[in-house]
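Visitor: Pasted the sequence and its predicted model underneath.
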Amino acid sequence: KLLVGIGGFAGISAVSPTFLLAACNSETPAGSDNLAATPHGVEKGPFDVNLRLRAQPDTVPILPGTPSEVWRYKADLTKGSPGTLTPLGESYPGPLIRLRQGQRVRIQLENRLPEDTTVHWHGLHVPPDVDGQPRLPIKPGDDMTVAFDVRDRAGLYWYHPHPHGPDGGRVGFQSYAGLAGPLVIEDDIERALGLPDGEQELILILQDRSFAGDNELTYLDGMGSMMTRMQGFLGDRILVNGRPPETRDVGTRAYRLRILNGSNARIYKLAWSDGEPVTVIGTDGGLLAKPQRLPYVTLAPAQRVDVWVDLSQAEVGQQLSLVSEQYRGGMMGDMGDMGDMGGMGGMMGRSALPAGAQLDLLGLRITQRVRDGRSLPLNLDSELATPSVTAATPIRRFELGMRMMRGFSINGRQFEGATVADDEIVALGDTEIWEFVNDTMMPHPMHVHGLQFAVIGRQSFSDRRGWSGLDAGLVDAGLHDTVLVLPGERVRVALTFNDFKGLYVYHCHNMEHEDNGMMRYYRVRA
Ligand code: C2O
Ligand code: CU
Ligand code: CU
């Protein structure tokens, strides 16, 4: 039996048809200008990298004992520079795809799942037709070839499914089943810094999961499913790179931890067990201009953070852990620790990760004294360019909404396929400010496809922001594709719509919110 409770949200229709009818003043595109017959970003080679990426069911060892049934990606390099594919642990989740800025890449996608899927290149600046958005599904048994030029800065990006059917999205389920992988882009600016690499570069994918008796992954089962749908899936175990957290032997030198929150809905509060500040050198869209120190780092679903840790002063025999501190918060703050299923979730019979607990994510055991004079660069990328705004830059406002039993909305609207309203059309080459206003009781990590933006303002209009205990860990510097908007906050981002016209989506990256309506298309017009 594959996974318990895969049948969507029992008893609750994903997007209510009445709501769809009620959503007005929107324009359905005639359909032709963006639907290329063959989705293909670049027509002509030669290609520097040729990959084949297959989504398929499989069985992998996760916990001790019986292996678990999963859905996963497998990749072959059909032609290209050696080292493009690097196995990451057992390659589940994964595999890690390494690309270099300027490369021209062709990828043959193969759907060997029993349902539609897509492959989305999260964070990459690629044309709409190769973006893996819900409009262009790959049917079971079918293949699709996509190609693009790697234009992005060096950074940790990722890929995951993005299908949306008539009964709602399948992103949460398919990602949970195991479809996700890291994608690293390298460039000359990063290379010149000589950051820790090889064994000193650790890529960590954080995901939470729940298991039933025989190590079966469970998603939405029984009484928990309604809660899960509202607050997003929260598992009772944290996996790092698809396995229980582990301790590694390290030397007295600097390490680079590149962390992806690949969880459906869980927000992490990353800290060092010895209380030292966390040194951040990069975000979603690559390196910061300068390193930043924070007491802890708040990492919302889909976000990445690049962390420098210097162990050169440590003694052999010492041990340090990267932990995630459980925070208070959730749908209704005063009802308990809903964010961790300790409140009403606990009452509903789900096992709990208690609030205040520290979860170990990675142990570093210092076993070796080594000399490696690498020290933290004072400047990381002095040329870092972010969209620039003036008093005349137009502001577009997005109100984030939640309704009991009806899922989630943006400006009162839910997902309606490729339908774009008048206020969801932007012009190619323009810079705009988008303001996300969160008057709900839950945090929403808002994601925009096709670009990286700058976070230019964050303001709270109620005292709700504080109760989550996540605000001191927000990293707003640098470039982002996903920004966490806490309850009671309004957050402004600056975006420039360069190079590609057509349809993209923007949505909440709490995958259950996204699957239940909190996603819309926007159009870049000429
Ligand atoms: Cu991580 Cu719409 O994507
Ligand atoms: Cu994305
Ligand atoms: Cu949300």
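Guide: Alright, I've got the coordinates. Numbering: from 1, shown residues only. Ligands and ions are numbered 1, 2, ... in the order given.

Visitor: what comes up buried for stretch 52-72?
Guide: For stretch 52-72, the neighbour count (16 or more other Cβ atoms under 10 Å) marks 52-55, 60, 62, 68-72 as buried. For every residue, glycine as well, the C-beta is placed using N, CA and C.

Visitor: Quick check: of these, which lies closest to residue 297?
Guide: Nearest to residue 297 among the buried residues of stretch 52-72: residue 62, at 25.9 Å, using Cβ to Cβ.

Visitor: and that closest one, what is it in contact with?
Guide: Residue 62 makes contact with 68, 70, 209, 211, 215, 239, 242-244 under the criterion Cβ atoms under 8 Å, 6 or more residues apart in numbering.

Visitor: Let's see that with 6 Å instead.
Guide: By Cβ atoms under 6 Å, 6 or more residues apart in numbering, the residues touching residue 62 are residue 68.

Visitor: Secondary structure element holding it?
Guide: Using DSSP states H and E, residue 62 falls within no helix or strand.

Visitor: Quick check: nearest residue in space to residue 288, chain neighbours excluded?
Guide: Nearest in space to residue 288, with sequence neighbours left out and distances taken as Cβ to Cβ, 6 or more residues apart in numbering, is residue 478 at 4.5 Å.

Visitor: State whether residue 212 and residue 218 are indeed in contact, as I suppose.
Guide: Yes. Using Cβ atoms under 6 Å, residue 212 is in contact with residue 218, at 4.9 Å.

Visitor: ok, those two, which is more surrounded?
Guide: residue 218 (20 against 14; other Cβ atoms under 10 Å).

Visitor: how about low-confidence regions in this protein?
Guide: Residue ranges of the chain with pLDDT under 70: 1-43, 79-90, 221-225, 327-357, 404, 465-467.

Visitor: Provide a list of residues in contact with the most centrally placed residue in it.
Guide: By Cα atoms, centre = their mean, the chain has its centre lying nearest to residue 302, at 1.3 Å. Contact analysis of residue 302 by Cβ under 6 Å, 6+ apart lists 447, 482, 509.

Visitor: pretty sure the second one contacts residue 510?
Guide: This points to residue 482. No. Residue 482 is beyond contact range of residue 510, at 10.5 Å (criterion: Cβ under 6 Å).

Visitor: Tell me the one among the buried residues of stretch 52-72 nearest to residue 392.
Guide: When the buried residues of stretch 52-72 are compared for distance to residue 392 (Cβ to Cβ), residue 53 wins out at 43.6 Å.

Visitor: wait, doesn't the closest one sit right on residue 75?
Guide: Yes. Between residue 53 and residue 75 a contact is recorded at 4.8 Å, counting by Cβ under 6 Å.

Visitor: Check the stretch 1-150 of the chain for the residue nearest ligand 2 and tell me.
Guide: Nearest residue of the stretch 1-150 of the chain to ligand 2: residue 122, at 3.8 Å (Cβ to the ion).

Visitor: Not counting its neighbours along the chain, what's nearest that residue?
Guide: Excluding the flanking residues, the one nearest residue 122 by Cβ to Cβ, 6+ apart is residue 158, at 4.9 Å.

Visitor: one step back: how close does the residue nearest to residue 288 get to ligand 3?
Guide: Distance check for residue 478 against ligand 3: by Cβ to the ion, to the nearest Å, it reads 22 Å.

Visitor: again with residue 419
Guide: For residue 419 relative to ligand 3 (Cβ to the ion), the value is 20 Å.

Visitor: Just the strands from the stretch 301-450 of the chain, written as ranges.
Guide: Using DSSP state E, counting those that start in this stretch, the strands assigned to the stretch 301-450 of the chain run over residues 304-310, 319-325, 358-368, 395-403, 407-410, 420-421, 425-427, 431-438, 444-448.

Visitor: In CSV, list those strands along with distance to residue 182 and mean neighbour count.
Guide: Output for the strands of the stretch 301-450 of the chain, formatted as CSV (distance: least, Cβ to Cβ, whole Å; neighbours: other Cβ atoms under 10 Å):
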stretch, distance to residue 182, mean neighbour count
strand 304-310, 9, 23
strand 319-325, 17, 20
strand 358-368, 16, 17
strand 395-403, 28, 17
strand 407-410, 27, 25
strand 420-421, 31, 18
strand 425-427, 30, 16
strand 431-438, 26, 20
strand 444-448, 17, 25
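
Visitor: related to what we said a few turns ago, okay, residue 482 and residue 510: which has more neighbours?
Guide: residue 510 (29 against 23).

Visitor: that older thread, excluding its backbone neighbours, what's nearest the residue nearest to the centre of the chain?
Guide: Distances taken as Cβ to Cβ, 6+ apart place residue 509 nearest to residue 302, at 4.0 Å, with adjacent residues excluded.

Visitor: count of neighbours near the one you found?
Guide: 27.

Visitor: gap between it and ligand 3?
Guide: To ligand 3, residue 509 is 8 Å away according to Cβ to the ion.

Visitor: swap in residue 495?
Guide: Per Cβ to the ion, residue 495 is found 19 Å from ligand 3.

Visitor: Begin at 786, not 1, for the rest of this chat.
Guide: Sure, I'll start counting at 786 from here, so that last one is residue 1280.

Visitor: my guess is that residue meets residue 1240, correct?
Guide: No. The criterion here is Cβ under 6 Å, and residue 1280 misses it with residue 1240 at 10.6 Å.

Visitor: Span of stretch 1026-1039 from start to end?
Guide: One end of stretch 1026-1039 sits 21 Å from the other (Cα to Cα, to the nearest Å).

Visitor: got a list of contacts for it?
Guide: Outside stretch 1026-1039, the residues within contact range by Cβ under 6 Å, 6+ apart are 874, 877-878, 981, 990, 1095-1097, 1099, 1145-1146, 1148-1155, 1157, 1159.

Visitor: Distance from that stretch to the middle of the chain?
Guide: Offset of stretch 1026-1039 from its chain centre (Cα atoms, centre = their mean, to the nearest Å): 22 Å.

Visitor: Residues of this structure that sit close to ligand 2?
Guide: Listed as neighbours of ligand 2 in the chain under the rule Cβ under 5 Å from the ion: 907, 1234.

Visitor: List, one by one, the residues from the chain near ligand 1.
Guide: 905, 907, 945, 947, 1087, 1232, 1234, 1290, 1292, 1294 (Cβ under 6 Å from any ligand atom).

Visitor: On the three-state scheme, the fourth one is what?
Guide: By that I understand residue 947. Using DSSP: H, G, I helix; E, B strand; the rest coil, the structure places residue 947 in coil.

Visitor: show me what contacts it?
Guide: Under the criterion of Cβ under 6 Å, 6+ apart, the neighbours of residue 947 are 903, 905, 917-919, 956.

Visitor: What's the separation between the residue nearest to residue 907 and ligand 3?
Guide: For residue 943, the distance to ligand 3 (Cβ to the ion) stands at 19 Å.

Visitor: now residue 1240
Guide: From residue 1240 to ligand 3 the distance is 17 Å (Cβ to the ion).

Visitor: any idea which element that residue lies in?
Guide: Per DSSP H and E, residue 1240 falls inside strand 1239-1245.

Visitor: got the buried residues for that strand?
Guide: Buried residues in strand 1239-1245, counting neighbours by 16+ other Cβ under 10 Å, are found at 1239-1241, 1243, 1245.

Visitor: before we move on, what about stretch 1072-1083?
Guide: Residues 1072-1073, 1076-1077, 1079, 1081-1083 are the ones in stretch 1072-1083 that count as buried (16+ other Cβ under 10 Å).

Visitor: How much space separates the closest residue to ligand 2 within the stretch 936-1085 of the chain from residue 978?
Guide: Evaluated by Cβ to the ion, the stretch 936-1085 of the chain has residue 947 as its residue closest to ligand 2, separated by 7.5 Å. Distance, residue 947 to residue 978, using Cβ to Cβ, to the nearest Å: 33 Å.

Visitor: Would you agree residue 1000 falls within a helix?
Guide: No. According to three-state DSSP, residue 1000 belongs to no helix; its state is coil.

Visitor: So what's the residue count around it?
Guide: Using other Cβ under 10 Å, residue 1000 has 15 neighbouring residues.

Visitor: in the stretch 1036-1185 of the chain, what residue is nearest ligand 3?
Guide: Residue of the stretch 1036-1185 of the chain nearest ligand 3, by Cβ to the ion: residue 1185 (6.9 Å).
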